[in-house]
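>>> can't give you the sequence, but here's the structure:
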């Protein structure tokens, strides 16, 4: 029986990023609409830190329905996994996530939410490392 690629992620490597929760969500996602649910999970864990903040999660839902999304952001993270240095850089990355400039309002709020966390840099560094690792699963 082939081993699930999600099983190769070691949650012990992450102190700030809720790896176990995202791995569970990722496994469950396989039975849903993969593209839409992947984008939603990416947004929720990137900007909302996987928290159940209703406003933040609703903004993610609105954003993924406004634009086509883009794999470019994943490529950007793989090439440079360092946390973004300011809200403007977060905003630019969010617009890439959306795939459209129509997400100005959502991206402004999502980045403000992301930057409200005291451990934002540590969380983002671990999130980016996680994204880099799972990107190796692609054929």
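Done, it's in. From a predicted model like this one, the values you see are computed outputs, not experimental measurements.

>>> now the helices for the chain?
19-29, 34-46, 54-66, 72-79, 87-98, 104-115, 120-135 (DSSP state H).

>>> so which of those helices gets nearest residue 11?
helix 19-29 (4.3 Å; Cβ to Cβ). Quick note: C-beta positions are derived from backbone N, CA and C, even for glycine.

>>> what mean pLDDT does that closest one have?
Helix 19-29 comes out with an average pLDDT of 72.

>>> So, low pLDDT: which residues of the protein?
Residue ranges of the chain with pLDDT under 70: 1-8, 26-36, 137-139.

>>> which residues sit in contact with the residue nearest the centre of it?
The residue lying closest to the centre of the chain (Cα atoms, centre = their mean) is residue 42, at 2.9 Å. For residue 42, the contact set (Cβ atoms under 8 Å, 6 or more residues apart in numbering) comprises 73, 97.

>>> cool, and residue 132?
The contact partners of residue 132, by Cβ under 8 Å, 6+ apart, come to 77, 78, 81.

>>> can we see that at 6 Å?
Contacts for residue 132 (Cβ atoms under 6 Å, 6 or more residues apart in numbering) come out as 78, 81.

>>> How about residue 78?
132, 135.

>>> Check the spacing between it and residue 128 real quick.
9 Å (Cβ to Cβ, to the nearest Å).

>>> picking up where we left off before, could you dump the helices of the chain into JSON lines and include distance to residue 10?
Formatted as JSON lines, the helices of the chain follow (distance: least, Cβ to Cβ, whole Å):
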{"stretch": "helix 19-29", "distance to residue 10": "8"}
{"stretch": "helix 34-46", "distance to residue 10": "17"}
{"stretch": "helix 54-66", "distance to residue 10": "27"}
{"stretch": "helix 72-79", "distance to residue 10": "19"}
{"stretch": "helix 87-98", "distance to residue 10": "26"}
{"stretch": "helix 104-115", "distance to residue 10": "25"}
{"stretch": "helix 120-135", "distance to residue 10": "9"}
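
>>> Cheers, nothing more for now.
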